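Undergrad: Sequence unavailable; structure follows:
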């Protein structure tokens, strides 16, 4: 049963069960998940990202030659529930651990799962060097612009104006500095073969993100070089907003700074303007299609 | 362990001999960051590992070096890293957690003097973790102990540190790197090779005491207690020491590593001259051979400790002797001009004077002043 009831300070969303309209999604368990249960907060975007890269691995037929290296964050809880060989790394250190694993198991698809605090704060040099080295691994960043696990603190990807527990009046460039656009940074490194930034704020973005995972893993299998997929994920708890507002809030704040799209394909780096143009064209296409009565696929 | 003589005896730099020994032990992955006096070990492995199908990565920092070794170890490979104590300081977080992940890491410390005894035996990392620490006194012994290190790491699924120094790394000795045979070990059923995905039995290598859903997980408390129990077993089973001339010794000198070779020589010379002096050398620094040091010093009226630092191992000597005899520190800080190598204190004549002073004067011994490195 789900719904809302009135609490002492306002409406409380009952999260003891998924809302009815989400039931169907919740029932579809990817084969590479040992259980649907997780202890993420309601409205968290991380399980969606997890779901699509597990599906991508399965679709590519590499489930029995995959090694995942997990960083430390909320998503560390997935280490027990994904049915993939897994190595737990320290906060920030997953790219190096993945490097060692890949060098000893060159036939495996080796990928990391890290948050923005893990990768862009603590482990920035690790991911940059791994990319520059052209290490044939895929680093996956779940970017929600906040330290979710510690309870909502500013990270290196928090956008200007973003309120966190240690930027109470919003991130201020003068006082806190600017966010790092990690995907854009990595795309400019010679060793990086494929760099993409997805999002899970709506179904279309989820579908695009899954394609990005497929392309990254395929690129790794070809031995092209370092591959990188960043996914913007909702963290309504860490953003201090109502659960249901997460997708829209993310699209309008993080999504306006960390621009979704394929940042580097086949050695060609796209500028932020080009990504904006691509996304606008895609949006126009969707709107035209909807006017015509729906999308073909 | 038994040595199988197959290798050619030749003059080798210590770093090269250790690299050869690591490869003989099956090491196929190494990552390190250059730092004196460790650098040559990295150089030799960078050349030799690819020749046997292995990998040596010139890591971008010590943090990355130990992380890379972690990943290689998780796949079941024999892997190692190393540095000087300064570089190992940067790796301490990983050392702690690799121990809790029960990965068989081998670490080489080509130390500057003996200033890293505390770091090696107590550790600079967090939590209740222990590493086996082996301290060879020369290149020939380093060849054996390096191979033993890889064996013990796998046997206990616990890191093992080989404590060397500038002289061990940089001097040459005629040695043959003979593969040492050890008792067989069980297969590494815990390792990840990527094949577990989708089977319901995928592997999880973690320091956190977790297990995959549907499998029994110890949880963090039980996991940590299990590691502690293992360390207690290691402590009782892996003590190693060398003792000489201690039966009727009035003065026993304790030393480890390269300086112990000088001390052993001095003590044997003094014995030949009729002086009742003895010598005990911890080979394992952790576990410290408390029993052997206690036995060796049981009849002594003076215990002298020679170490090339301000006094670190002396704490363990105090624990071994437990007040039965006065303990006189006869070592000290002594470096060359660079601070990387050893200074004029590591000299048989100088050590002889200091041993004799302790032998004659006991707790009230007036030691000659520490020799000064005139070149600054």
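TA: Received, thanks. As the structure is a computational prediction, the values presented were derived from the model and not from experiment. Residues are numbered from 1 along each chain as shown, chains lettered A, B, ... in the order given.

Undergrad: CA only for contacts and neighbour counts going forward, please
TA: OK.

Undergrad: quick one: contacts for the residue in chain B sticking out farthest from the centre?
TA: Ranked by distance from the centre of chain B (CA atoms, centre = their mean), the top residue is residue B:198, with 41.4 Å. Counting by CA atoms under 8 Å, 6 or more residues apart in numbering or on different chains, residue B:198 touches A:31, A:32, A:63, A:64, A:83, A:84.

Undergrad: Which of these has the largest number of neighbours?
TA: Using other CA atoms under 10 Å in any protein chain shown as the neighbour criterion, residue A:84 leads the contacts of residue B:198 with 33 neighbours.

Undergrad: Write out the residues of chain A neighbouring chain B.
TA: A:31-32, A:34-35, A:63-67, A:79-90, A:93-94, A:96-105, A:108-109, A:126, A:129 (CA under 8 Å from any CA of the partner chain).

Undergrad: The stretch 1-150 of chain B: helices as residue ranges?
TA: B:14-24, B:39-51, B:62-74, B:85-100, B:117-121, B:139-156 (DSSP state H, counting those that start in this stretch).

Undergrad: would you list those in TSV and tack on mean pLDDT and mean neighbour count?
TA: Output for those, formatted as TSV (pLDDT from 0 to 100; neighbours: other CA atoms under 10 Å in any protein chain shown):
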stretch	mean pLDDT	mean neighbour count
helix B:14-24	98	26
helix B:39-51	98	19
helix B:62-74	98	30
helix B:85-100	97	22
helix B:117-121	98	19
helix B:139-156	98	23
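
Undergrad: out of these, nearest to chain A?
TA: With CA to the nearest CA, the closest approach to chain A among the helices of the stretch 1-150 of chain B belongs to helix B:62-74: 4.0 Å.

Undergrad: what packs against that closest one?
TA: The contact analysis (3 or more CA pairs under 8 Å, 6 or more residues apart in numbering or on different chains; DSSP states H and E) places helix B:62-74 against helix A:94-104, strand B:27-32, strand B:78-83, helix B:85-100.

Undergrad: mind checking which of those is nearest residue B:171?
TA: strand B:78-83 (17.5 Å; CA to CA).

Undergrad: now the chain, which segments are flagged as low pLDDT?
TA: In the absence of a named chain, this looks at chain A. Scanning chain A for pLDDT under 70 picks out the ranges A:1-3, A:18, A:21-26, A:294-297.

Undergrad: Chain B was what I was after
TA: Within chain B, the stretches with pLDDT under 70 are B:1-6, B:376.

Undergrad: ok, back up a step: doesn't the residue farthest from the centre of chain B belong to a strand?
TA: No - counting by DSSP: H, G, I helix; E, B strand; the rest coil, residue B:198 falls outside a strand, being coil.

Undergrad: Helices of the stretch 51-200 of chain A, start to end?
TA: A:94-104, A:116, A:124-132, A:173-176, A:182-187.

Undergrad: Adding mean neighbour count and distance to residue B:207, write those out as CSV.
TA: Shown next, in CSV, are these (neighbours: other CA atoms under 10 Å in any protein chain shown; distance: least, CA to CA, whole Å):
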stretch, mean neighbour count, distance to residue B:207
helix A:94-104, 30, 14
helix A:116, 28, 22
helix A:124-132, 22, 20
helix A:173-176, 10, 34
helix A:182-187, 22, 28
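
Undergrad: The residue nearest the centre of chain A: helix or strand, and which one exactly?
TA: Among the residues of chain A, the one closest to the centroid is residue A:231, at 2.5 Å (CA atoms, centre = their mean). Remark: residue A:231 resides in strand A:226-232, with elements defined by DSSP states H and E.

Undergrad: Which other helices and strands does that strand contact?
TA: So strand A:226-232, by 3+ CA pairs under 8 Å, 6+ apart, packs with helix A:124-132, strand A:138-143, helix A:182-187, strand A:192-199, helix A:203-222.

Undergrad: can you list these in a markdown table and add distance to residue B:223?
TA: Converted to a markdown table, the helices and strands packed on strand A:226-232 look like this (distance: least, CA to CA, whole Å):
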| stretch | distance to residue B:223 |
| --- | --- |
| helix A:124-132 | 29 |
| strand A:138-143 | 29 |
| helix A:182-187 | 36 |
| strand A:192-199 | 37 |
| helix A:203-222 | 35 |
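
Undergrad: mind checking which of these is nearest residue B:307?
TA: Closest among the helices and strands packed on strand A:226-232, once you apply CA to CA, is helix A:124-132, at 37.6 Å.

Undergrad: Summarise which helices and strands the closest one is packed against.
TA: helix A:94-104, strand A:226-232.

Undergrad: If we use 10 Å, what do you get?
TA: For helix A:124-132, the packing partners by 3 or more CA pairs under 10 Å, 6 or more residues apart in numbering or on different chains; DSSP states H and E come out as helix A:94-104, strand A:138-143, helix A:182-187, strand A:192-199, strand A:226-232, helix B:62-74.

Undergrad: Parallel or antiparallel, list what pairs with the fourth one.
TA: Taking DSSP bridges as the criterion, strand A:192-199 sits next to strand A:226-232 (parallel), strand A:261-265 (antiparallel) in its sheet.

Undergrad: next structured bit after the shortest one?
TA: To tie it back to what came earlier, the one meant is strand A:261-265. Counting by DSSP H and E, the next helix or strand C-terminal to strand A:261-265 is strand A:268-269.

Undergrad: can you give me how far that next one is from the chain middle?
TA: 21 Å (CA atoms, centre = their mean, to the nearest Å).

Undergrad: Identify the residues contacting it?
TA: Contacts with strand A:268-269, where a contact means CA atoms under 10 Å, 6 or more residues apart in numbering or on different chains, come from A:184, A:187, A:188, A:189, A:193, A:194, A:195, A:262, A:263.

Undergrad: now, which of the residues you listed sits nearest chain B?
TA: Among these, and counting by CA to the nearest CA, the member closest to chain B is residue A:189, at 15.6 Å.

Undergrad: ok, the closest one - contacts?
TA: Counted by CA under 10 Å, 6+ apart, residue A:189 has contacts A:128, A:129, A:131, A:132, A:133, A:134, A:226, A:267, A:269.

Undergrad: do that again at 8 Å, thanks
TA: A:131, A:132.

Undergrad: again with residue B:170
TA: Residue B:170 neighbours (CA under 8 Å, 6+ apart): B:13, B:14, B:15, B:37, B:40.

Undergrad: now the last one, nearest residue through space, not along the chain?
TA: The reference is to residue B:40. residue B:15 (5.9 Å; CA to CA, 6 or more residues apart in numbering or on different chains).

Undergrad: again with the fourth one
TA: Leaving aside its sequence neighbours, residue B:37 sits nearest to residue B:166 (CA to CA, 6+ apart; 5.4 Å).

Undergrad: Quick check: the closest residue to chain B within the stretch 151-297 of chain A vs residue B:148, distance?
TA: Chain B sits closest to residue A:221 of the stretch 151-297 of chain A, with a gap of 13.9 Å, by CA to the nearest CA. Here residue A:221 is placed at a distance of 38 Å from residue B:148 (CA to CA, to the nearest Å).

Undergrad: Repeat that for residue A:45.
TA: 49 Å.

Undergrad: where's the residue farthest from the centre of chain B relative to residue A:61, distance?
TA: Residue B:198 is 11 Å from residue A:61, by CA to CA.

Undergrad: Over to residue B:184?
TA: Using CA to CA, residue B:184 is found at 36 Å from residue A:61.

Undergrad: Looking at those two, which one has more neighbours?
TA: residue A:61 (11 against 8).

Undergrad: on that earlier part again, list the contacts of the residue nearest to the centre of chain A.
TA: With CA under 8 Å, 6+ apart, residue A:231 has these contacts: A:49, A:140, A:141, A:142, A:143, A:197, A:198, A:199, A:200, A:209.

Undergrad: Please apply the same query to residue A:232.
TA: A:45, A:142, A:143, A:144, A:197, A:198, A:199, A:200, A:201, A:250, A:254, A:255.

Undergrad: Residue B:279: which of those is nearest?
TA: residue A:142 (59.3 Å).

Undergrad: That closest one contacts residue A:118, doesn't it?
TA: No - with contacts counted by CA atoms under 8 Å, residue A:142 stays clear of residue A:118, the gap being 9.7 Å.

Undergrad: In contact with the residue lying closest to residue B:202 once chain neighbours are set aside, which residues?
TA: Closest residue to residue B:202 apart from its sequence neighbours, by CA to CA, 6+ apart: residue B:196 at 3.9 Å. Residue B:196 makes contact with A:63, A:64, A:65, A:83, A:84, A:85, B:202, B:203 under the criterion CA under 8 Å, 6+ apart.
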